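> Could you work out the structure for the sequence below:
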Amino acid sequence: DIAAAADLAAAAPLRTADESLARVQVDSLFLAYDNAGACRRVRALVRDYRGPHWQKALIFCQALAGEHAKAALGAELLRELGHGDDQVFFTLIGALGGDKGAVVESLPKPVPLHLAMLRAARQQLPEDVLGTADAAILRTVAKSPNAPLNLRLEAAERAEAVGALPSDSLAQLYAS
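You can find the predicted model right below:
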């Protein structure tokens, strides 16, 4: 329940705020494709949290804002610091920067940031995105306009089976 998780994280007292809670907030916003809200949170939190997750999120937000030179510099710094193993991230930053040949063909371990980036780059979700058992990811794939219908249906069935998607949403998807 992405919305409830985001609401719960937002309701936590500031004295209990920590990086895990902040990440739940941001990931929930990315899963809801609320990139503007996620980027506001990321820009506020990146001063406190410096890990690669936060740097990637900031670079994505810079690319969305049209700050492609900053995004490219940030991506290059991540690589130089030894965080160049997330090829999906770097491919999508290239795509958002205008590289027409930068296409993600495989995504066996999707994370919320990847899904948000794929949608922003107007790229289809690869078939292997369903290799996950994460209910929130499955629910997001089921609702993703950048996924083929057969992929959305399979994700919706799996999400509904674990209670992450209401049955009426699955029925609406079949009706469409």
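
> low-scoring pLDDT stretches of the protein, where are they?
Across the chain, residues meeting the criterion (pLDDT under 70) sit at 1-17.

> Which residue ranges of this protein form helices?
2-11, 19-31, 35-45, 52-64, 68-80, 87-96, 112-120, 135-142, 149-161, 167-175 (DSSP state H).

> looking at those helices, which is closest to residue 103?
When the helices of the chain are compared by C-beta to C-beta, helix 87-96 sits nearest residue 103, at 7.1 Å. In short, each C-beta sits where N, CA and C put it, glycine included.

> Show residues contacting that closest one.
56, 59-60, 63-64, 68, 71-72, 75, 79, 84, 102-104, 107, 113-114, 117-118, 120-121, 123 (C-beta atoms under 8 Å, 6 or more residues apart in numbering).

> Those residues, buried ones only, as a PyMOL selection?
Buried residues among the contacts of helix 87-96 (16 or more other C-beta atoms under 10 Å), as a PyMOL selection:
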select buried, resi 56+59+60+63+64+71+72+75+102+104+107+113+114+117+118+120+121+123
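
> Indicate which one of the helices of the chain is closest to residue 128.
With C-beta to C-beta, the closest approach to residue 128 among those belongs to helix 149-161: 9.9 Å.

> Check which residues of that closest one are buried.
Residues of helix 149-161 classed as buried: 151, 152, 153, 154, 155, 156, 158, 159, 160 (neighbour count, 16+ other C-beta under 10 Å).

> Over to stretch 28-46?
Neighbour counts using 16+ other C-beta under 10 Å place 28-33, 35, 37-39, 41-42, 45 of stretch 28-46 among the buried residues.

> Between all of those residues, which two are at the greatest distance?
Within these, two members stand farthest from each other by C-beta to C-beta: 33 and 45, at 19.2 Å.
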